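Trainee: Build me a model from this:
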Amino acid sequence: MLNGKGGHTGLPMFAGVQNFGPLRTYLTKFINGLINRLLPGQTRRFASAKIIFFAFVLLLTADRVIADSPSNETITLHDLIQEALEENPHIKAARASWNASEAVPKQVSTWPDPMLMFGINNVGPKYSVGTQEMSMLDFGFAQKIPFPGKLSLLGKMAVRSAEAMGEEFKATELNVIQKLKAAYFDYYYLKKSIDIINQTMSLLKKMERTAEIQYQVGKGIQQDVWRAKLEVSKLYERLQIFSQMEGTTAGIINSILNRPTEEPVGMPIQPEITSFTYTVNDFIKMAEENSPELKKMERIIEREKSGLTYAKLQYLPDFSINLGWGERGAMENMWVAGIGVEIPLYFWRKQAYGVQESRANLYFSENIYQNTKQLLYSDIKSAYLNATTSRNLIDLYKTAIIPQASGAVDSSMAGYSVGKVDFLTMVTNAITLLDYQIGYYEKLTEFEKAVAELEALTGVQFAAEGME
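Mentor: Next up, the predicted model:
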């Protein structure tokens, strides 16, 4: 290996351990330096043998620990989705709200609770029941009876509200899955980008060593060496940015899964590119038949129609029945029965405005439905265009751009070694390849995120949850 001045550094005593990774390399150099400074020659070789053994065992153990770390466990999108469906707080809240709404119909469609009454009619200061004709113990029962059809309409309205909440729950599940998929694909993209940057940094370091050799033998210039160092530093800057984004995205995944923020997410696997043969009209038809947002608004419109009918029934009176019994002791008992009718006497101020309110609510719901549909169509078209464009670029990157950029790198490196290509061209080709490789995974991520958005918009999980 060349040092910064062009000379060769000495081989470390633990060169055989270097294949176990950067941690081994660092510890090897540290132990060698410590031994060289503190111990004389014979003692140094004896101590080295012992230290080699213990260091080797330590590093093997370290690799085993690192390999078993949760952060290195493979994760699949399917498993994460199942966990989100069970653990996500938003989904749990939506499910509880739906369950609560399903308990309403039977409540509102049941008669009002009856009333039991007890009283006493007494003459004079002393207890007179049984001795005075007008004295008695009163027992009464009263029941309000809504006009036929009113309670069934209230129950129907509550059922439609519960069905709307059920569609809201489905929409919540789809939205959470979409967010999880988007975060997962972003996480995969960032992991791949970091790997590509690390590979390119290794390539540039090889170019730097080549430039040093060329400079030492008088065939190159020192500027090439510094240019290589600069490009490595610039890549390190990008690496830091991508690492920060990776941590942020991992936090988003953990929040969706209701995990601790700092819990390791694991290693995503290579996505299987979703088969994409649908047209925009196919997606619009899917949405019209399956979209929870549209179905929710349809149930709300049905509820408001029943609400308008109910408001009109408010012009009709409710009834009440009353039964009473008078216990008079030794004298003959008395009973009473009656029926009451509520008169909508102030209908022009009450019932008429109730009908007006219901009509306005129905009109509002119908227009919200139409607006929701138009926005849905617009979002579907936008996501469809994003998906098709990204899919075409994926093929372009994979079949043409990246192979061409890779060939340019190989050709320029071979040309530089024989003095036919300048160093700047070789470095520029390497950075260009890096950009296109990252661009490929960026377009792959954009495509899968657009597909996930289409699934949420249409209410149809047509993509493979799909991981190889």
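Trainee: Check which helix or strand the residue nearest to Ile256 when sequence neighbours are not counted maps to.
Mentor: Nearest residue to Ile256 in three dimensions, chain neighbours excluded: Leu180, at 5.0 Å (C-beta to C-beta, 6 or more residues apart in numbering). C-beta here means a position set from N, CA and C on the backbone, and glycine is covered the same way. Leu180 belongs to helix 150-216 when assigned by DSSP states H and E.
Trainee: now for that helix, which elements pack on it?
Mentor: helix 77-87, helix 89-102, helix 104-108, helix 222-256, strand 267-268, helix 292-313, helix 402-417, helix 423-458 (3 or more C-beta pairs under 8 Å, 6 or more residues apart in numbering; DSSP states H and E).
Trainee: how about the ones you listed in a markdown table, adding mean neighbour count, mean pLDDT and distance to Phe283?
Mentor: Below are the helices and strands packed on helix 150-216 laid out as a markdown table (neighbours: other C-beta atoms under 10 Å; pLDDT from 0 to 100; distance: least, C-beta to C-beta, whole Å):
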| stretch | mean neighbour count | mean pLDDT | distance to Phe283 |
| --- | --- | --- | --- |
| helix 77-87 | 16 | 94 | 21 |
| helix 89-102 | 15 | 97 | 24 |
| helix 104-108 | 14 | 95 | 34 |
| helix 222-256 | 16 | 91 | 25 |
| strand 267-268 | 18 | 90 | 27 |
| helix 292-313 | 20 | 96 | 13 |
| helix 402-417 | 16 | 90 | 30 |
| helix 423-458 | 21 | 94 | 6 |
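Trainee: which one of the ones you listed lies closest to Gly324?
Mentor: Nearest to Gly324 among these is helix 104-108 (29.1 Å), distances taken as C-beta to C-beta.
Trainee: tell me the domain ranges of the chain?
Mentor: Using automatic domain parsing, the domain ranges for the chain come out as 15-67, 76-109+163-314+369-458.
Trainee: Those domains: which one's closest to Ser135?
Mentor: That would be, of the domains of the chain and by C-beta to C-beta, domain 76-109+163-314+369-458, which comes in at 41.9 Å.
Trainee: Check what pLDDT the residue sitting furthest away from the middle of the chain gets.
Mentor: The C-alpha centroid of the chain is most remote from Thr131, which lies 80.2 Å away (C-alpha atoms, centre = their mean). pLDDT recorded at Thr131 is 81.
Trainee: Ok, which of the helices and strands packed on helix 150-216 comes nearest Thr372?
Mentor: Thr372 lies closest to helix 292-313 among the helices and strands packed on helix 150-216, at 5.5 Å (C-beta to C-beta).
Trainee: next one: that closest one to chain centre, how far?
Mentor: Averaged C-alpha coordinates place helix 292-313 at 31 Å from its chain's average position (C-alpha atoms, centre = their mean, to the nearest Å).
Trainee: With stretch 372-382 instead?
Mentor: Between the centre of stretch 372-382 and the centre of its chain there are 21 Å (C-alpha atoms, centre = their mean).
Trainee: buried ones in it?
Mentor: In terms of neighbour count (16 or more other C-beta atoms under 10 Å), stretch 372-382 has its buried residues at 373, 376-377, 380.
Trainee: Run through who's touching stretch 441-453.
Mentor: Residues outside stretch 441-453 that contact it (C-beta atoms under 8 Å, 6 or more residues apart in numbering): 177-178, 181-182, 185-186, 188-189, 192-193, 196, 271, 273-274, 276, 379, 383-384, 386-387, 390-391, 393-394, 397, 463.
Trainee: In which helix or strand does Ile321 reside?
Mentor: Ile321 belongs to strand 319-327 when elements are defined using DSSP H and E.
Trainee: quick one, the next helix-or-strand element following that strand and strand 319-327 angle?
Mentor: Sequence-wise, the next helix or strand downstream of strand 319-327 (DSSP H and E) is strand 334-341. Between the axes of strand 334-341 and strand 319-327, defined by axes from the mean of the first three to the mean of the last three C-alpha atoms, to 10 degrees, the angle is 170 degrees.
Trainee: Adjacent strands (with direction) for strand 334-341?
Mentor: strand 319-327 (antiparallel) (DSSP bridges).
Trainee: So for the strand it pairs with, mean pLDDT?
Mentor: For strand 319-327, the mean pLDDT works out to 93.
Trainee: mind listing what's buried in it?
Mentor: 320, 324, 326.
Trainee: tally of neighbours for Gly419?
Mentor: Residues near Gly419, counting by other C-beta atoms under 10 Å, number 10.
Trainee: That one reaches Lys219, doesn't it?
Mentor: Yes. Using C-beta atoms under 8 Å, Gly419 makes contact with Lys219 at a distance of 6.3 Å.
Trainee: who's in contact with the residue nearest to Ile256?
Mentor: 77, 80-81, 84, 253, 256-257.
Trainee: What distance do you get for it to Ser291?
Mentor: To Ser291, Leu180 is 20 Å away according to C-beta to C-beta, to the nearest Å.
Trainee: before we move on, back to that, and the buried residues of strand 319-327 as TSV, adding distance to Met115?
Mentor: Shown next, in TSV, are these (distance: C-beta to C-beta, whole Å):
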residue	distance to Met115
Ser320	10
Gly324	12
Gly326	17
